[in-house]
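Show me the folded form of this:
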Amino acid sequence: MKRVLVVGGALLLGMGAVWAQQDSVKEVQALMKGNGKNAGAVSAMIKGEKPYDQATVDSALAQFEDTAKKLPNLFPASAKGVKLDGDYSASPKVWEDKAGFDAKVASFAKVVSEAKGKIKDLDSLKANFPAVGKECGGCHETYRVKNG
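Numbering: from 1, shown residues only. This is a model prediction of the structure:
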């Protein structure tokens, strides 16, 4: 009986780890989709396709800030090698160079925070948002791989 409880407990613990891994993968996907949507909305303003809207800019920067806070904790060792649905997955470099990954996320957070205080109109958006895009894209170049 004791052995059955130990085996059952180990199985439940293992299942819990798999569920936690799936939750973190889904959260990363949701954050990245949110980043893409917000970056697209801001880019449309910069290109003159949409009128400048401070609420949209503020919302985008808040979402980027939220992403930067959450990302370092969303890549447990158990998620290494997990393929995401969609076009991209995390590169093994996220785990192989965790300090570099965390530093890149911290750099992104810093640039977002700085932009947040400076963007007040279209001109300041055009002057400050490219740095946000550069930091975001820089992380993708190193820590993201194309599926398939």
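
check which helix or strand covers S89.
Per DSSP states H and E, S89 falls inside strand 88-90.

Can you name every helix or strand that the helix or strand that that strand is followed by contacts?
With elements assigned by DSSP H and E, the helix or strand that comes after strand 88-90 is helix 93-96. Applying 3 or more C-beta pairs under 8 Å, 6 or more residues apart in numbering; DSSP states H and E, we find helix 93-96 packed against helix 98-118, helix 122-143. The C-beta positions use only the backbone N, C-alpha and C, and glycine is treated the same way.

So which of these is nearest N38?
helix 122-143 (10.0 Å; C-beta to C-beta).

which outside residues touch the strand holding S89?
With C-beta atoms under 8 Å, 6 or more residues apart in numbering as the test, strand 88-90 has contacts from 28, 32, 75, 79-80, 82-84, 140, 143-147.

hmm, 6 Å instead?
K83, R144, V145, K146, N147 (C-beta atoms under 6 Å, 6 or more residues apart in numbering).

same question, stretch 92-103
Against stretch 92-103 from outside (C-beta under 6 Å, 6+ apart): P72, F75, K80, Y143.

in that stretch, what counts as buried?
Of the residues in stretch 92-103, V94, W95, F101 count as buried by neighbour count, 16 or more other C-beta atoms under 10 Å.
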